[in-house]
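In: would you be able to build a 3D model of this:
(chains A and B)
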Amino acid sequence: MNDLIKYAPDLLAGFLKNVQISLVCAVLSMILGTLLVAMRVSPTPVLRAVGTGYVNVVRNTPLTLVLAFAALGLSDTLGVSFSQEPSTNSFWLVVLGLSLYTATFVCEALRSGINTVPMGQAEAARAIGLTFFQSLRMIILPQAFRAVIAPLGSVMIAMIKNTTVAIAAGYLAESAFVMKDTFDDTGVSIPIFIGIVIAFMIVTLPIGFFTGWLANRLAVAR
Amino acid sequence: MTENGDSTPLVVLEGVNKHFGSLHVLRDINLTISRGEVLVVIGPSGGGKSTLCRAINRLETIDGGTILFDGKPLPEEGKALAGLRSEVGMVFQSFNLFAHKTILENVTLGPTKVRGVPKAQAEQRGMELLERVGIGAQASKYPAQLSGGQQQRVAIARALAMDPKMILFDEPTSALDPEMVQEVLDVMIGLARDGMTMMVVTHEMGFARRAANRVVFMAEGQIVEENTPDEFFTNARTDRAKDFLSKILTH
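Out: As a prediction, this is how the structure comes out:
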């Protein structure tokens, strides 16, 4: 218990990094996932093929490899750099890798939502003269999104927990790494372990409850 | 570009063919629809009536032949096709109101997003149309809160909001409870009187007699008979039509 109290400021600072990564990734992965699903259902074969290919490759690649590729491939080999400061650079590499990865799950959740929207909705949208992307944006996706709020909540919870493998992209400031670092000094401390678990649950549990509530509230009556 | 009221036909179908796999659903369809005409299409299920109706705004593509709308071939895709569809209203059997939008939003979406009409103006006109079909009091409700008959009248108002050159009705009363059929037919009869060009796929013989200028009888993907309503119902020329009428008019 003393270990937990002693190292709490470091651990909290680390945990706030997890939260920061999560917030940026949530926004980016939702935007990118929506673009991906638009590609996957578009009438243009090339867009469909690119979207499908991307989702199948990235979704089936282990996250640690995605992050390692962001650091070693993109940054070290190809020279993609977000900042001169190494820790800032690796923060954004984590954000990039995790967003690219999570977007595929967002895409697939939304695509299952699109399948719940009756065919007639799209036909009626086309029949009043909306273009494909207008009907997707105004008619199909809003209904699809409401149908999959709860699964999207699960995707976001998984993404938040995935921030703890940021070290795979060389990022050394988040809580799981701070914990391991601390254990090197103090030996394994169960209270520190539990403290971090509780910190994550404080963030993720409300997301589960909130998205469940929101799903009921926004459900489209048919 | 032709003006409304001239004598060129609004829709011309020539040698139209369509297959669903091995099923030949439209066989060499030749048909013209004049401006202001109310054309009723009847016939047995699976005879190609709905497919014909949906082909005119290209919700169904065709395999052969040509369809001219207002003198021009139907655009195949993209903005031009969206533009055509905005000029052809469509009323579906299952209403297909946008489930996540209010009744008024259903009616104003097309004018604001497709035509660029200012919101206030679209809402004013939308309310007028909703009043006209008798749904004004329900404008802020959602589709699922309305009865089938009310939903279908909203769907008609939604089509009218685009000021279409014609409206296609694909079995507009088939999904309704019997006591709600008349309220929808009354609105359609009103439109017919006002001179709207209409193509109506229906089993409502009463509507056909009262409002149609012409009846087309379709079976097995072909137009079997074209006739005036009176002639068709009392004195059909073809055996196929007589057989169909004997089955539906006896009770």
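
In: and the residue of chain A closest to chain B?
Out: Residue of chain A nearest chain B, by C-beta to the nearest C-beta: A:G129 (2.7 Å). Any C-beta I mention is one placed from the backbone N, CA and C, and that applies to glycine too.

In: that residue: neighbouring residues, count only.
Out: A:G129 has 25 neighbouring residues, counting by other C-beta atoms under 10 Å in any protein chain shown.

In: now the one 4 residues further on
Out: The number of residues packed around A:F133, counting by other C-beta under 10 Å, is 11.

In: quick one: pLDDT of the residue of the stretch 1-150 of chain B found nearest chain A?
Out: Proximity of the stretch 1-150 of chain B to chain A (C-beta to the nearest C-beta) peaks at B:S86, 2.7 Å away. At B:S86, the model reports a pLDDT of 94.

In: before we move on, back to that, correct me if wrong: the residue of chain A closest to chain B contacts B:A161.
Out: No: taking contacts as C-beta atoms under 8 Å, A:G129 lies outside contact range of B:A161: 11.0 Å.

In: hmm, who's touching the least confident helix or strand in chain B by mean pLDDT?
Out: Here the helix or strand of chain B ranked lowest by mean pLDDT, DSSP states H and E is helix B:239-249, holding a mean of 87. Residues from elsewhere that reach helix B:239-249, judged by C-beta atoms under 8 Å, 6 or more residues apart in numbering or on different chains: B:I42, B:G43, B:P44, B:H203, B:M205, B:F217, B:A219, B:V224, B:E225, B:F232, B:F233, B:A236.

In: helices of the chain, start to end?
Out: Unless you meant another one, I'm taking chain A. Secondary structure of chain A by DSSP state H: the helices cover A:2-40, A:45-59, A:63-68, A:86-114, A:119-127, A:132-135, A:141-147, A:149-162, A:175-186, A:190-218.

In: you looked at the wrong chain, it should be chain B
Out: In order along the chain, chain B carries the following helices (DSSP H): B:49-55, B:78-87, B:103-113, B:119-132, B:148-160, B:178-193, B:205-211, B:229-235, B:239-249.

In: any chance of those helices in a markdown table with distance to A:F69 and mean neighbour count as columns?
Out: As requested, those are exported to a markdown table (distance: least, C-beta to C-beta, whole Å; neighbours: other C-beta atoms under 10 Å in any protein chain shown):
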| stretch | distance to A:F69 | mean neighbour count |
| --- | --- | --- |
| helix B:49-55 | 48 | 23 |
| helix B:78-87 | 38 | 17 |
| helix B:103-113 | 41 | 24 |
| helix B:119-132 | 48 | 17 |
| helix B:148-160 | 50 | 25 |
| helix B:178-193 | 60 | 17 |
| helix B:205-211 | 66 | 18 |
| helix B:229-235 | 71 | 15 |
| helix B:239-249 | 67 | 14 |
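
In: looking at those, which is closest to A:L214?
Out: Closest of the helices of chain B to A:L214 is helix B:103-113, at 21.0 Å (criterion: C-beta to C-beta).

In: is the closest one anywhere near chain A?
Out: Yes: for helix B:103-113, a contact with chain A is found by C-beta under 8 Å from any C-beta of the partner chain, at B:L109, B:G110, B:K113.

In: export the residues you listed to a markdown table and append columns for distance to A:L16 and pLDDT.
Out: Output for those, formatted as a markdown table (distance: C-beta to C-beta, whole Å; pLDDT from 0 to 100):
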| residue | distance to A:L16 | pLDDT |
| --- | --- | --- |
| B:L109 | 43 | 96 |
| B:G110 | 48 | 95 |
| B:K113 | 43 | 95 |
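
In: helices and strands of chain A: which one bottoms out on pLDDT?
Out: Here the helix or strand of chain A ranked lowest by mean pLDDT, DSSP H and E is helix A:175-186, holding a mean of 88.

In: who touches it?
Out: For helix A:175-186, contacts defined as C-beta under 8 Å, 6+ apart pick out A:3, A:7, A:10-11, A:13-15, A:17-18, A:164-167, A:171, A:189, A:192-193, A:196, A:199.

In: which of those count as buried?
Out: By neighbour count, with 16 or more other C-beta atoms under 10 Å in any protein chain shown, the contacts of helix A:175-186 hold A:3, A:7, A:11, A:14-15, A:17-18, A:164-167, A:171, A:189, A:192, A:196, A:199 as buried.

In: residues near the nearest residue to B:A175 once chain neighbours are set aside, how many?
Out: The shortest distance from B:A175 to any non-neighbouring residue, by C-beta to C-beta, 6 or more residues apart in numbering or on different chains, is to B:Q93 (5.2 Å). Using other C-beta under 10 Å, B:Q93 has 17 neighbouring residues.

In: which ones are touching B:Q93?
Out: Residues counted as contacts of B:Q93 (C-beta under 8 Å, 6+ apart) are B:S50, B:D170, B:E171, B:P172, B:S174, B:A175.

In: output the below-cut-off pLDDT ranges for chain B.
Out: B:1-6, B:250-251 (pLDDT under 70).

In: so what's the residue at minimal distance from the centre of it bridging to?
Out: Closest to where the C-alpha atoms of chain B average out (C-alpha atoms, centre = their mean) is B:L168, at 1.7 Å. Here B:L168 sits in beta bridges with B:M90, B:M199, going by DSSP bridges.
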